[in-house]
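Novice: Sequence and predicted structure are below.
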There are 2 protein chains.
Amino acid sequence: MTRTEASRMSADERRNQILQVAIKLFSRKGFSGTTTREIAQAAGISEAIIFKHFATKSDLYSAILDYKCHEAGLEQSFSLLHEAIGSKNDYEIFYELTLNAITHHEKDPEFLRLLMLSALEGHEFAEMFVRRKIEPLYEILSEYIAQRQKDGVFRNDINPKLIVRAFLGMITHHSMNKLLWDSQQRILKVSDEEAARAFSEILLSGIKKNREENSNVEN
Amino acid sequence: MTRTEASRMSADERRNQILQVAIKLFSRKGFSGTTTREIAQAAGISEAIIFKHFATKSDLYSAILDYKCHEAGLEQSFSLLHEAIGSKNDYEIFYELTLNAITHHEKDPEFLRLLMLSALEGHEFAEMFVRRKIEPLYEILSEYIAQRQKDGVFRNDINPKLIVRAFLGMITHHSMNKLLWDSQQRILKVSDEEAARAFSEILLSGIKKNREENSNVEN
DNA sequence: GTCTATACTAGGATAGAC
DNA sequence: GTCTATCCTAGTATAGAC
């Protein structure tokens, strides 16, 4: 089964190779910024082959997003969450979630790019991803926060969903910055662990009740 | 000087009109997603006129980004900051900055879109904007934070730049979300003031020293 | 300042041979 | 499975008349 370079592949191999090459290009230049010519060239094949595997350029794009959506599912985070939430170890929850997200963004930078680009370009994919992955995440997290507010551990004068937004904002903004600028040492260069620690600390201290507030509460 | 509709304009008027129309389109569909045909159509003129005013499509795009960069300067925030920083009224600083940013993003949604799209597409504009506007903002804010850490008011175990990043992350992520989804009532719908209040509260409480920590500090 | 007409290139997609 | 050749449309850009 040894093979040199781009010689004859099986249909599945070829399809997959095209997918991989196209992911790189679409994630860097967006849908309309990428041509099927480039994709073919980068894959070392003729354009005709692309259209054997994907009826249209749009189909290829959709296939990519679909693929990435499964691969980059937040299932890992979800299970992490469910586990942690039982324990009510707040710091653990936020730290692990953050570190998990940041390292994931790092390992798969194309995903963030594709997501952002497709969102800005108004592709249905982004909306689907939000509906199927982000909204549930909001639900779980904000419910947990609401619970901790009822427990009297978190201050209850902030909308839980706004807390989630603040939290996800820190994370995604940080990842975007890393993706776009930090490689050139612009602005900031820190380890993922340090970032995760900082964000969890800020968020948690930010939403925890002060002890004194706690004691002279009005009802 | 009364005029009906798209009849003969002066060169400057026309140029400006093209700019405005193009801003809308480029911000929605990106550079390569927008055609000069569409722009001409939307402006109610022929393509030839566009090329009378801008040598190439790229030139038009650059002109837009340049224009937006000036218009959307953070000067307002900077002067706001300088004022506030003297007073050391921490909450005021963060709240005003946040509200200012959010309302600005709201008033000029095209700006965020153009910035993000050009950043993702690797256009030099985004990099320039970061260098000229964002980096200075980081400097000012992180210096202020470092000062407050020295004052013993903020905890000093978090990198000031990471704090700035967390802060800007909340804000821009929130604005992006509003831009992309919240109009459809997805996820979250809150007033700008409530969001600004939440973000400033979280951040500030998150980075302030606890009173007890404050008293039994080790050196 | 504006249009119509058009040149020219690039991009998506297909036919048909191997 | 793959290529070459090619079709066709869309896209940028220009010429020249009004």
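Specialist: All right, it came through fine.
Novice: What is the neighbour count of the closest residue to residue A:151 other than its chain neighbours?
Specialist: Leaving aside its sequence neighbours, residue A:151 sits nearest to residue A:88 (CB to CB, 6 or more residues apart in numbering or on different chains; 7.9 Å). Heads up, the C-betas are built off the backbone N, CA and C, glycines and all. Residue A:88: 13 surrounding residues under other CB atoms under 10 Å in any protein chain shown.
Novice: now swap in the one 10 residues further on and tell me
Specialist: For residue A:98, the count of nearby residues is 24 (other CB under 10 Å).
Novice: pLDDT score for it?
Specialist: pLDDT for residue A:98: 96.
Novice: Next up, the contacts around it.
Specialist: Counting by CB atoms under 8 Å, 6 or more residues apart in numbering or on different chains, residue A:98 makes contact with A:167, A:170-171, A:195-196, A:199-200.
Novice: What of residue A:173?
Specialist: By CB under 8 Å, 6+ apart, the neighbours of residue A:173 are B:165, B:168-170, B:172-173.
Novice: now, which of the contacts of residue A:98 sits nearest DNA strand C?
Specialist: Closest approach between those and DNA strand C, by CB to the nearest atom of the strand: residue A:171, at 33.3 Å.
Novice: Need the distance between the two termini of stretch A:155-163.
Specialist: With CA to CA, to the nearest Å as the measure, stretch A:155-163 spans 11 Å from end to end.
Novice: what about it, average pLDDT?
Specialist: 97.
Novice: May I see the buried residues of it?
Specialist: Neighbour-count burial for stretch A:155-163, counted by 16 or more other CB atoms under 10 Å in any protein chain shown, picks out A:155-156, A:158-163.
Novice: what does stretch A:113-131 give?
Specialist: Residues A:113-121, A:123, A:125-127, A:129-130 are the ones in stretch A:113-131 that count as buried (16+ other CB under 10 Å).
Novice: picking up where we left off before, how near is the residue nearest to residue A:151 to residue B:137?
Specialist: Note on residue A:88: its distance to residue B:137, by CB to CB, to the nearest Å, is 37 Å.
Novice: residue ranges for the helices of chain A, please.
Specialist: With DSSP state H as the criterion, chain A has helices at A:11-33, A:36-43, A:47-53, A:57-71, A:75-87, A:90-107, A:109-120, A:124-129, A:135-150, A:160-180, A:192-207, A:211-215.
Novice: Next one: residue A:97 from residue A:200, what distance?
Specialist: The gap separating residue A:97 from residue A:200 is 8 Å, by CB to CB.
Novice: ugh, wrong one, residue A:113
Specialist: Taking CB to CB, one finds residue A:113 at 26 Å from residue A:200.
Novice: for residue A:20, same thing?
Specialist: Where residue A:200 is concerned, residue A:20 sits at a distance of 34 Å (CB to CB).
Novice: More neighbours: which of those two?
Specialist: Comparing residue A:20 with residue A:200 by other CB under 10 Å, the one with more neighbours is residue A:200, at 23 against 14.
Novice: can I assume the more buried one is in contact with residue A:95?
Specialist: Yes: counting by CB atoms under 8 Å, residue A:200 touches residue A:95, with 4.3 Å between them.
Novice: and for those two, which residues touch both?
Specialist: By CB under 8 Å, 6+ apart, no residue touches both residue A:200 and residue A:95.
Novice: Need the nearest residue in space to residue A:109, chain neighbours excluded.
Specialist: Using CB to CB, 6+ apart, the nearest residue to residue A:109 is residue A:179, at 5.3 Å.
Novice: for residue A:108, that is, sorry about that
Specialist: Spatial nearest neighbour of residue A:108, chain neighbours left out: residue A:72 (6.1 Å); criterion: CB to CB, 6+ apart.
Novice: Give me the phi and psi angles of the closest residue to residue A:111 other than its chain neighbours.
Specialist: In space, and not counting its chain neighbours, residue A:111 is closest to residue A:72: 4.6 Å by CB to CB, 6+ apart. In terms of degrees, to the nearest 10, the main-chain angles of residue A:72 are phi -90, psi 20.
Novice: pLDDT score for residue A:72?
Specialist: 71.
Novice: still on that earlier bit, the contacts of residue A:98: which two are farthest apart?
Specialist: Of all pairs drawn from the contacts of residue A:98, the greatest distance, 12.9 Å, lies between A:167 and A:195 (CB to CB).
Novice: burial measure for residue A:11, as a count.
Specialist: Residue A:11 has 9 nearby residues by other CB under 10 Å.
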